[in-house]
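Engineer: Please work out how this folds:
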Amino acid sequence: MSVLFKPATLSGAILLALISSTSFAAEQINQLDPIVVTASKTEEKVSEVPARITVISKQQIEKNPALNLSDVLQKDASIYVKQSGGIGQLTDLSLRGGRTGSTLLLKNGARLNSQNGLGPVTPEFIDLSNIDQIEILKGPASVQYGSDASSGVIQLISQKPLKTGASLSGIYGENNTYKASINADYVNDNGFYVSIGGQRMESDGTSVIDIQAKNQKAAFDQKGYNAQIGYINNIINTSLSIDQNQGTNIYTTNYTTNNARRNFENRLINWLGSYNIISNLTLNARYSHSLDKSEQVIYGNHFNTTSDEGDLNAKWHFTNHQNLLSGVTYNRSEYNASSSPESVRTISSTGYYLQHQYDNNGIHTQAGLRVEDNDWFGTHTVGQAAIRYQILPLTSIYANIGTAFKAPTLEHLYGSYGYDFYSNPNLKPEESTSYEIGLDQKFNYGLSAYISTYYTDAKNLMAFGTINNQSTYVNINRANIKGGELGFKWSGDNVFASAEYTYVIAQNKNSKEDIAYRPRQTYTLTAGYDDGKYGVNTSLVSRSKANTGTSGVKVPGYATVDINAFWNVNSNIRLFTNIQNIGDVRYPTVYNSPSSWSPEYWYINGGRQASVGVTLKY
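Structural biologist: Model (predicted):
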């Protein structure tokens, strides 16, 4: 049963969150102005970025080590994750009302968006065991990253070991869910370090649609490992890493039973290097090889993509307050799918970019230009200009404008999740122009606030259509996206609270209809206590109703509350417990209209998931 989005319901949920909260605050206090790299490909403070950027810290991720990327991202009010069921079921990700493929997913600079499907590697299949920080850049970033960054960028930053040690975590929860992870680090005084880890998770899962019996569960399992070796000194900083993750999720094809199996695998090999040629000139390089595989066993379908990407840039501080970043990126992908008329297809793209930054007397500017040459879709030029101004010691404002594009994937052109499909080689890239202004204000007693408003005009949106009476993707839609964000944060002695409200309207410009599965309103609230030894955290997520794309049918609004608690017994032992969705709210997520072979039904979320765990450190 879903919780409808009403003021009384929201007020009650907020009250529950406040009453039951006392939370992890220490890490929040220490993360007031973290260092980020996503906005400009170089290190800078969040407070100096002329855009809205959110950071999810390692401490926040470790509150519940059983969560995958989809679970964690839903706590950000600007992100909506549409999930077709509970744990391990497929998701679509929308940042600021954009489509799934308009958000670029990175890991340590490497692109995780692939030619499989319509967007990034599905986030429900991405484990966070070795992630130190998640950076969410909101707004276009095609100058820095090329295609797929129209709505923004989500970047996972892996942890680099600071000292020699090892850790082991074990978690057990409802629905026979368990996870185990292990990590070992070695660091010496000469700048050399090694890190290696692995994880395994299994769950019986839950039912995925509302007309199934509750005991008709959809199981999920995944396992993986990561390894990193690196060296750093005053001149050279280099590392080589590998991340591997694979598993199986069970899903439904006949609406009554969960009888289908999907095998997945994703792998990333990533080399990073930085060399200080002289004191004001640094050369940076990256080479990435990624693999994204999916197999639908029941249909005998497969989708396999490999990508090789290289990026070389130089950063020149030509004055004390100005720098230039100039670089080139080359990407080549191979696509092999059972739905493609040819066994293997390739696509490559080369991007040339130039970025200028100025930083002095409370003024921070960023301007750039990129020329992208795609061997299938021609040349595209995008630009960006942004400024943040510290008008008072505690007050700053910012404004930016940027253009962006998204090139069609080969799955857009030659497949539709494995079914026979009419190719459309004339499909054009999506293009957009975005505008944004915002204000950040600090007050006394640890209180701060921010407000942002933005507008995006997009054209050539890709959607299902017909050519010669056959299904394919065509450029038919134009869209306007406009919205705003309002947030408050407060931190005191061992306590903190934060709240965020977002409002977004994403509409088809021709029909004036809201784009499907885009809730207009989202509230989030987190509050609590953490003295370093004990802590308990409560968070609320509440969303309004949304269109389904079927006339007259709406996704109901809902509100859920999570609770996390821990006890650091000593420096080596940490005990923790988590309750996701404490009210066991089973709300509808995706609508399936009735047909000649199936009744009307809804996909539903997984409901409550309680767990306990322990972490041992040496």
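Engineer: Tell me how far Val555 lies from Thr206.
Structural biologist: With the distance defined as Cβ to Cβ, to the nearest Å, Val555 ends up 19 Å from Thr206. All C-beta spots, glycine's among them, are computed from the backbone N, C-alpha and C.
Engineer: ah, wrong one, I meant Thr466
Structural biologist: As for Thr466, its distance to Thr206 is 37 Å (criterion: Cβ to Cβ).
Engineer: Among those two, which residue is more densely surrounded?
Structural biologist: Higher neighbour count among Thr466 and Thr206: Thr206, with 29 against 10, using other Cβ atoms under 10 Å.
Engineer: Looks like that one contacts Lys217 (just checking).
Structural biologist: Yes: taking contacts as Cβ atoms under 8 Å, Thr206 lies within contact range of Lys217: 5.6 Å.
Engineer: mind listing what's buried in stretch 294-313?
Structural biologist: Buried residues in stretch 294-313, defined by neighbour count with 16 or more other Cβ atoms under 10 Å: 294-296, 301-307, 309-311, 313.
Engineer: quick check, distance from that stretch to the centre of its chain.
Structural biologist: In this view, stretch 294-313 has its centroid 19 Å away from the chain centroid, taken as Cα atoms, centre = their mean, to the nearest Å.
Engineer: In a strand, Glu431, correct?
Structural biologist: Yes: secondary structure of Glu431 (DSSP: H, G, I helix; E, B strand; the rest coil): part of a strand.
Engineer: In space, what's closest to Gln366 - neighbours in sequence excluded?
Structural biologist: The spatially closest residue to Gln366, leaving aside those adjacent along the chain, is Ala386, at 4.7 Å (Cβ to Cβ, 6 or more residues apart in numbering).
Engineer: just checking, next helix/strand downstream of the helix or strand encompassing Phe264?
Structural biologist: Remark: Phe264 resides in strand 260-278, with elements defined by DSSP states H and E. Counting by DSSP H and E, the next helix or strand C-terminal to strand 260-278 is strand 281-296.
Engineer: What mean pLDDT does that next one get?
Structural biologist: Per-region confidence: strand 281-296 scores 94 on mean pLDDT.
Engineer: going forward can the numbers begin at 6, since that is how I track them
Structural biologist: Let's use 6 as the start, then, which means that last one is strand 286-301.
Engineer: With just CA atoms, put the helix or strand following it into PDB.
Structural biologist: On the C-terminal side of strand 286-301, the closest following helix or strand by DSSP H and E is strand 306-321. Backbone C-alpha positions of strand 306-321 (Å, rounded to 0.1, in the frame of the first residue of the first chain) are rendered in PDB as follows:
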ATOM      1  CA  ASN A 306      19.900 -12.400 -25.800                       C
ATOM      2  CA  HIS A 307      23.100 -10.700 -24.900                       C
ATOM      3  CA  PHE A 308      24.500  -7.100 -24.900                       C
ATOM      4  CA  ASN A 309      28.300  -6.700 -24.700                       C
ATOM      5  CA  THR A 310      30.300  -3.500 -24.900                       C
ATOM      6  CA  THR A 311      34.000  -2.800 -24.500                       C
ATOM      7  CA  SER A 312      35.300   0.700 -24.500                       C
ATOM      8  CA  ASP A 313      38.800   2.100 -24.600                       C
ATOM      9  CA  GLU A 314      39.300   5.700 -23.700                       C
ATOM     10  CA  GLY A 315      42.300   7.900 -23.400                       C
ATOM     11  CA  ASP A 316      42.500  11.500 -22.000                       C
ATOM     12  CA  LEU A 317      45.600  13.700 -22.100                       C
ATOM     13  CA  ASN A 318      45.600  17.300 -20.800                       C
ATOM     14  CA  ALA A 319      47.900  20.000 -19.500                       C
ATOM     15  CA  LYS A 320      47.200  22.500 -16.800                       C
ATOM     16  CA  TRP A 321      49.100  25.700 -16.900                       C
END
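Engineer: Run me through the strand neighbours of strand 306-321, direction for each.
Structural biologist: Next to strand 306-321 in the sheet, as set by DSSP bridges, lie strand 286-301 (antiparallel), strand 327-342 (antiparallel).
Engineer: Need the ones you listed in CSV (columns: distance to Gln395).
Structural biologist: Listed next are the strands paired with strand 306-321 as CSV, based on distance: least, Cβ to Cβ, whole Å:
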stretch, distance to Gln395
strand 286-301, 26
strand 327-342, 17
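Engineer: what residues are up against Ser99?
Structural biologist: When the contact criterion is Cβ atoms under 8 Å, 6 or more residues apart in numbering, the partners of Ser99 are 84-87, 105, 108, 156, 522-523.
Engineer: By pLDDT, give me the weakest of these.
Structural biologist: Lowest pLDDT among the contacts of Ser99: Thr105, with 80.
Engineer: can you tell me how far it sits from Asp97?
Structural biologist: In this structure, Thr105 and Asp97 are separated by 5 Å, where distance is defined by Cβ to Cβ.
Engineer: so where's this protein shaky on pLDDT?
Structural biologist: When the per-residue scores of the chain are filtered using pLDDT under 70, the ranges that remain are 6-36, 122-126, 344-348, 420-427.
Engineer: Would you map the helices across this structure?
Structural biologist: Secondary structure of the chain (DSSP state H): helices at 12-24, 31-35, 63-66, 74-78, 147-150, 415-419.
Engineer: coming back round to it: nearest to Ser62, of the buried residues of stretch 299-318?
Structural biologist: Within the buried residues of stretch 299-318, distances to Ser62 taken as Cβ to Cβ reach their minimum at Asp316, with 26.1 Å.
Engineer: ok, the closest residue to Ser152 other than its chain neighbours to Gln475 distance?
Structural biologist: Residue nearest to Ser152 in three dimensions, not counting chain neighbours: Ala412, with 4.4 Å by Cβ to Cβ, 6+ apart. Separation of Ala412 from Gln475 (Cβ to Cβ) stands at 23 Å.
Engineer: Between these two, which has more neighbouring residues?
Structural biologist: Looking at Ala412 and Gln475 with other Cβ under 10 Å, you find the greater number of neighbours at Ala412, namely 22 against 12.
Engineer: returning to what we had before: Throw the buried residues of stretch 299-318 into CSV and include distance to Lys622, thanks.
Structural biologist: Below are the buried residues of stretch 299-318 laid out as CSV (distance: Cβ to Cβ, whole Å):
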residue, distance to Lys622
Ser299, 36
Glu300, 38
Gln301, 41
Asn306, 44
His307, 41
Phe308, 40
Asn309, 39
Thr310, 38
Thr311, 37
Ser312, 36
Glu314, 35
Gly315, 37
Asp316, 35
Asn318, 38
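Engineer: I'd like to know which of these is nearest to Arg291.
Structural biologist: Of all these, the one sitting nearest Arg291 is Asp316; the distance, using Cβ to Cβ, is 4.6 Å.
Engineer: That closest one bridge partners, please.
Structural biologist: Listed by DSSP bridges, the beta-bridge partners for Asp316 are Arg291, Thr334.
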